[in-house]
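J.: need a structure here:
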Amino acid sequence: MPFPRDVRELALVAAARHCCVCHRYKGIKLEVHHLIPEAAGGRSTIDNAIALCFDCHTDAGHYNPRHPRGTKYSQAELIRARDTWFATVQKGGIANPGEASPVHARYLICKTWELLTEICNGDLSRVPAEQPVLAKNPVLQFMASVIAVQAASYRHARAWGDRYSREADYLNRYPDARRASKSDPAEAYYNLTREPSADDMRHVAQEDGVSGLLSQEGIPRDEIVRVFTYEDICGGVAVQEVFRLRPFWGVFFAATNVTSEPLYLDAIEGHYEFGGAALYRRLGKSPADYGLSRLPGAALAPGATALIPVATLLAPHQPAAEDVIRQADEYIEREYVQSVSRVHLVYDQVSLINTWGPVLRPQTLLVRRHSSREPIKVHELDLGNVFVVNRHWEMGSCPHVFIIRVDGDVSYAGELLASKPAIWHSDAITLPPHTSYAVIAELEEEVTELLRAEQDGVVLAANITLHQGMKVILPALSGSHVIVKGRYRTRSGKRGVRDPSRRGDLVGCALRTLQSDVSSLLRSKAVVA
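T.: Got it, this is the predicted structure:
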């Protein structure tokens with residue numbers, strides 16, 4: 001959650017709208033950052049607040065060792081910097097600030113195929129910016145060419161395989177299949193996995209134009225598709241095969257005119273590589289060329305935002321774990337939501353992302369005003385500090401269960417109370433040997449009501465309500481089962497759409513969080529968090 005307005009104002013006034021680390025006057029391009037993250041118990045008070053510019057906020061990185069590259073500022077270092085700068089401002093020891101930058105620059109990642117389609121077609125009504133205008137360049141042309149190969153207006157990052165009534169039948173057909181690792185965030189939601197075959201690739205290419213185009217370019221099969229099975233409890237299917245495909249993201253450089261007069265954006269100076277679909281490489285690889293990329297030079301009205309395409313990305317098959325700083329949702333239609341989030345993507349995810357097609361990496365924005373051209377330095381794309389736009393259907397399947405062993409190993413144990421919504425019934429959590437805790441987590445947009453959880457006649461928890469993002473931690477006793485009575489309720493009273501990829505992402509991200517917090521959980525007792 002963001003800081004209350006009064007706390008934000010106190011921090012900004014105390015810093016005189018300068019960054020507490022680099023001491024630059026930043027005007028509106030300043031953020032109030034939690035010194036101790038909320039996820040670690042940090043409060044939204046002035047004692048836990050520091051004013052940082054966008055660049056230094058990136059370098060703070062929420063003190064997460066998984067955060068992308070570089071040596072991040074430690075908490076103690078930031079506290080000292082904050083206190084020293086607040087004292088300097090209070091003593092009047094700063095010069096009058098120079099003129100603030102006329103442009104507010106940031107990066108926007110669009111994860112939803114539909115919004116990318118709208119943007120490529122010139123419909124900017126759902127872009128989360130005031131008065132957006134779109135710059136046309138080779139990156140946009142490539143995005144549009146990829147979108148054109150997809151027959152449907154909506155793209156799922158998955159394709160369906162066959163169904164089997166018994167797991168033995170699947171293993172007889174695919175003897176190379178192996179058990180999915182319940183402690184691996186990329187595999188936790190699934191039961192079996194195997195290497196994709198040439199037949200699989202042909203099937204996927206027929207279902208998904210993006211995968212077909214990647215295959216035509218000679219990209220290895222295992223970088224295009226991964227094969228899993230899961231038990232579709234709600235659908236009553238013992239083995240459902242699903243092909244996980246590479247999510248397709250668009251990246252835009254957003255430049256907003258924060259002055260009271262028109263600006264003219266002439267060009268972007270930076271690294272670039274303008275080619276076609278054969279340009280497939282890891283995100284960290286720099287383009288070979290450096291120079292100017294011309295912009296239309298049309299007037300950008302006060303408050304308007306120029307949306308400049310800079311890259312298309314292929315995200316990893318596994319969950320893209322994010323530390324969300326803040327998020328705002330709006331309904332596109334009933335039960336269909338567009339979310340805008342400020343996020344940090346963790347390092348091991350960033351290292352698995354590929355750029356595909358043309359790339360532009362801005363360094364300097366050339367702007368005309370007052371009859372003169374001025375260069376404005378801009379920060380490079382850093383997936384540790386971006387805005388993300390995504391759309392999804394509100395779901396409702398059931399709560400999820402995780403197991404923590406005495407040695408600290410954390411694994412996924414499956415779904416709980418998997419029946420029709422709003423119906424009270426009992427279920428059992430099977431505990432493997434040497435279990436310390438069972439964790440019941442509500443990951444979706446629904447409400448779970450736990451009437452009672454007990455083991456060997458001992459009540460572990462009772463009368464607990466879990467909303468999205470909450471969990472209850474149950475200490476395990478000597479028995480092999482925990483009996484739970486409860487139900488879950490969706491907003492609509494119906495189950496959500498069947499989307500194992502999205503549920504796999506939710507489970508994977510929750511598993512990562514539990515694995516990073518396991519030391520504190522092992523010291524806890526039954527608690528709702």
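
J.: Helices of the protein, start to end?
T.: Assignment of helices within the chain using DSSP state H yields the ranges 5-14, 54-60, 75-90, 113-120, 138-148, 167-173, 198-207, 209-216, 221-224, 347-350, 500-521.

J.: out of those helices, deepest packed?
T.: helix 54-60 (a mean of 22; mean count of other Cβ atoms under 10 Å). Bear in mind the C-beta positions are built from the backbone N, C-alpha and C, glycine included.

J.: Tell me how far the nearest residue to Ser101 once chain neighbours are set aside lies from Glu269.
T.: Using Cβ to Cβ, 6 or more residues apart in numbering and skipping residues adjacent in sequence, the residue nearest Ser101 is Ile376, 5.7 Å away. Spatial separation of Ile376 from Glu269 under the definition Cβ to Cβ, to the nearest Å is 10 Å.

J.: so what sits against both of those two?
T.: Residues touching both Ile376 and Glu269 (Cβ atoms under 8 Å, 6 or more residues apart in numbering) are Thr364, Leu365, Leu366.

J.: what's near enough to touch the first one?
T.: Meaning Thr364. Thr364 is in contact with Ile268, Glu269, Gly270, Pro375, Ile376, Lys377, Val378, counting by Cβ under 8 Å, 6+ apart.

J.: Sort out which of those residues are in strands and list them.
T.: Of these, the ones assigned to strands by DSSP state E are Ile268, Glu269, Gly270, Pro375, Ile376, Lys377.

J.: Just checking the distance from stretch 256-275 to the centre of its chain.
T.: Once both centres are worked out by Cα atoms, centre = their mean, to the nearest Å, stretch 256-275 turns out to sit 27 Å from its chain's centre.

J.: That one: end-to-end distance?
T.: Across its full length, stretch 256-275 reaches 28 Å between end residues, using Cα to Cα, to the nearest Å.

J.: Need the nearest residue in space to Ser419, chain neighbours excluded.
T.: According to Cβ to Cβ, 6+ apart, the nearest residue to Ser419 is His425 (5.6 Å).

J.: List just the nearest of the contacts of Thr364 to Pro296.
T.: Of all the contacts of Thr364, the one sitting nearest Pro296 is Ile268; the distance, using Cβ to Cβ, is 11.8 Å.

J.: Tell me, what's the model's pLDDT at the residue nearest to the spatial centre of the chain?
T.: Nearest to the mean C-alpha position of the chain, counting by Cα atoms, centre = their mean, stands Glu322 at 4.3 Å. Looking at Glu322, its pLDDT reads 70.

J.: thought it was touching Cys509?
T.: Yes - counting by Cβ atoms under 8 Å, a contact exists between Glu322 and Cys509, whose distance comes to 7.4 Å.

J.: related to what we said a few turns ago, now do the contacts for the residue nearest to Ser101.
T.: Taking Cβ under 8 Å, 6+ apart as the definition, contacts of Ile376 comprise Ser101, Pro102, Val103, Ala105, Thr364, Leu365, Leu366, Val367.

J.: top of those by neighbour count?
T.: Highest neighbour count within the contacts of Ile376, by other Cβ atoms under 10 Å: Leu365, with 26 neighbours.

J.: Quick check: chain neighbours aside, which residue is closest to that residue?
T.: Taking Cβ to Cβ, 6+ apart, and ignoring the residues beside it in sequence, Leu365 has Ile376 as its nearest neighbour in space, at 4.6 Å.

J.: distance of the one you found from Thr259?
T.: Taking Cβ to Cβ as the measure, Ile376 and Thr259 are separated by 12 Å.

J.: what do those two both touch?
T.: When contacts are counted by Cβ under 8 Å, 6+ apart, Ile376 and Thr259 are jointly contacted by Pro102.

J.: thinking again about what came up before, and for Glu322 and Cys509, which residues touch both?
T.: If you check Glu322 and Cys509 against Cβ under 8 Å, 6+ apart, no residue is contacted by both.

J.: what's across from Tyr272 in the sheet?
T.: Asp289, Leu360 (DSSP bridges).

J.: Redo the ones in strands among the contacts of Thr364 as TSV? Include pLDDT.
T.: Conversion of these to TSV gives the following (pLDDT from 0 to 100):
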residue	pLDDT
Ile268	93
Glu269	93
Gly270	93
Pro375	91
Ile376	89
Lys377	87
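
J.: By neighbours, which of these wins?
T.: With neighbours defined as other Cβ under 10 Å, the most crowded of the ones in strands among the contacts of Thr364 is Ile268; it has 25 neighbours.

J.: In contact with that residue, which residues are there?
T.: Contact partners of Ile268, counting by Cβ under 8 Å, 6+ apart, are Phe253, Leu292, Ser293, Leu295, Ile308, Leu360, Pro362, Gln363, Thr364, Leu365, Leu366.

J.: Quick check: bridge partners of Leu300?
T.: For Leu300, the beta-bridge partners under DSSP bridges are Leu263.

J.: which residues touch it?
T.: Taking Cβ under 8 Å, 6+ apart as the definition of contact, the neighbours of Leu300 are Val133, Ala255, Asn257, Pro262, Leu263, Tyr264, Leu265, Ala306.

J.: at 7 Å what do you get?
T.: Val133, Asn257, Pro262, Leu263, Leu265, Ala306 (Cβ atoms under 7 Å, 6 or more residues apart in numbering).

J.: Neighbours of the fifth one, how many?
T.: Look at Leu265: counted by other Cβ under 10 Å, it has 24 neighbours.

J.: Spit out the contact partners of it.
T.: With contact taken as Cβ under 7 Å, 6+ apart, Leu265 is in contact with Ala255, Leu295, Gly297, Leu300, Ala306, Leu365, Val367.

J.: go with 8 Å
T.: For Leu265, the contact set (Cβ under 8 Å, 6+ apart) comprises Ala135, Ala255, Leu295, Pro296, Gly297, Leu300, Ala306, Leu365, Leu366, Val367.

J.: nearest to Val32, of these?
T.: Taking Cβ to Cβ as the measure, Ala255 is the one of the contacts of Leu265 closest to Val32, at 22.8 Å.

J.: Which strand residues bridge that closest one?
T.: Beta-bridge pairing for Ala255 (DSSP bridges): Ala105, Ala306.

J.: Can you report how many residues lie near it?
T.: Residues contacting Ala255 under the criterion other Cβ under 10 Å number 28.

J.: Contacts only, for it.
T.: Val103, His104, Ala105, Leu265, Leu300, Thr305, Ala306, Ile308, Leu365, Val378.

J.: pLDDT score for it?
T.: 93.

J.: any idea how far Pro302 is from it?
T.: If you measure Ala255 against Pro302 using Cβ to Cβ, the figure is 13 Å.

J.: again, but for Pro185
T.: Noted for Pro185: a distance of 45 Å to Pro302, by Cβ to Cβ.
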